[in-house]
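Novice: following is a predicted model, sequence given first.
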Amino acid sequence: MNQSEFLKTVMPFKDKVFRLAKRLLVSTEEAEDATQELYFKLWNKKENLKEYKSVEAFAMTMTKNYCFDRLKSKQASNLTLVHSNYKEKDTSLDKKTDLNDSVSIVHQLIENLPEQQKIIIQLRDIEQYEFDEIAKMLDLKPTAIRVSLSRARKTIREQLIKQHNYGIN
Amino acid sequence: MELTNIERLLQKYLDAETTIAEENTLKNYFLSDNVAPHLIEYQPLFEYFSISKQEVHTKPLQLNTKKTNWKWLSVAASIVLLVSLYTGYEKNQQRKAEKIYNETQVAFNMLSTNLNKGNEAIAQLQYFETAKNKVFK
């Protein structure tokens, strides 16, 4: 696989990789590093990429695993990943969420979910992958993903209703 | 979009039974301006989803890497270090050997001059021998 073929294969899902990394690692810089690292890895494996039915699914799995490793080593070095550890660049998202408090609350609510549910929300509600694809990426059964996703959505909804009522009272 | 349908879809959504198309229907409904008041708390959720999808990776990606260059650099540096250590060691050994050689050379010279003195003495003895032979025929 030469460079242009490689780029044609892997570039379309670059932003998805980045967003998943950011979902898990929180900071933009960390997510950019993770994306860079992942594309190194893909580039080094470029000869084998044709063997995969879906390079995109493979890349998402790698991203997830890489981020988990990063998180583990962070925990090992006693550095907890919290927002205050990082200075965020001004991204379009931040600006928009400033405009709307309740939208940034959603961000916070997703942040508080267990990792697995976070990933599933990211892959389904934001990236809009089919359940089969997500199942492949996470090596889980589609039913397990539905259960997890339903739990995550209900948690967020409950919290949102709570917030909403709190705002009214 | 009629309200009952939206409510039905919402229930399916919470049970994770909706298809992508149905989720898009929900998204479009909540991003519109006429959301029913009792469903308004869902609005930020779908807003958040659509905003999040717009975030893109802007930093340029490198494939032929600076990072691996650093790795190779460190490998190269360690090789240079090892080689220089080795040659330094060799040089040192050689110098030591030369010193020892010179010292032994000096010692041998001393030995040989002393031996030569002995030889001269023996040569003088030869005179006595010939003189003695002359006397005692």
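Specialist: That came in fine, so what should we check first? Numbering: from 1, shown residues only, chains lettered A, B, ... in the order given.
Novice: burial count for residue 116?
Specialist: If you meant another chain, say so; for now it's chain A. Other residues within reach of residue A:116, judged by other Cβ atoms under 10 Å in any protein chain shown, total 17. Every C-beta, even on glycine, is put in place using the N, C-alpha and C of the backbone.
Novice: ah, no, chain B please
Specialist: So residue B:116, with other Cβ under 10 Å, has 10 neighbours.
Novice: low pLDDT regions in chain A?
Specialist: In the predicted model of chain A, residues A:76, A:78-100, A:167-169 satisfy pLDDT under 70.
Novice: which stretches of it form helices?
Specialist: A:3-10, A:14-25, A:28-44, A:55-76, A:92-99, A:101-111, A:115-121, A:131-138, A:142-168 (DSSP state H).
Novice: so can I have JSON lines of those showing distance to chain B?
Specialist: Formatted as JSON lines, the helices of chain A follow (distance: least, Cβ to the nearest Cβ, whole Å):
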{"stretch": "helix A:3-10", "distance to chain B": "7"}
{"stretch": "helix A:14-25", "distance to chain B": "4"}
{"stretch": "helix A:28-44", "distance to chain B": "5"}
{"stretch": "helix A:55-76", "distance to chain B": "12"}
{"stretch": "helix A:92-99", "distance to chain B": "5"}
{"stretch": "helix A:101-111", "distance to chain B": "4"}
{"stretch": "helix A:115-121", "distance to chain B": "9"}
{"stretch": "helix A:131-138", "distance to chain B": "8"}
{"stretch": "helix A:142-168", "distance to chain B": "4"}
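Novice: deepest-packed of those, please.
Specialist: Mean neighbour count (mean count of other Cβ atoms under 10 Å in any protein chain shown) peaks for helix A:14-25 among the helices of chain A, with a mean of 23.
Novice: for it, name the packing helices and strands.
Specialist: Under the contact definition 3 or more Cβ pairs under 8 Å, 6 or more residues apart in numbering or on different chains; DSSP states H and E, helix A:14-25 sits against helix A:28-44, helix A:55-76, helix A:115-121.
Novice: how about the ones you listed in JSON lines, adding distance to residue A:149?
Specialist: Supplementary listing: these in JSON lines, determined by distance: least, Cβ to Cβ, whole Å:
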{"stretch": "helix A:28-44", "distance to residue A:149": "22"}
{"stretch": "helix A:55-76", "distance to residue A:149": "16"}
{"stretch": "helix A:115-121", "distance to residue A:149": "5"}
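Novice: can you tell me which of the helices of chain A is nearest to residue B:112?
Specialist: Nearest of the helices of chain A to residue B:112, taken as Cβ to Cβ: helix A:28-44 at 70.6 Å.
Novice: between helix A:55-76 and the closest one, find me the angle.
Specialist: Inter-element angle recorded for helix A:28-44 and helix A:55-76: 130 degrees (by axes from the mean of the first three to the mean of the last three Cα atoms, to 10 degrees).
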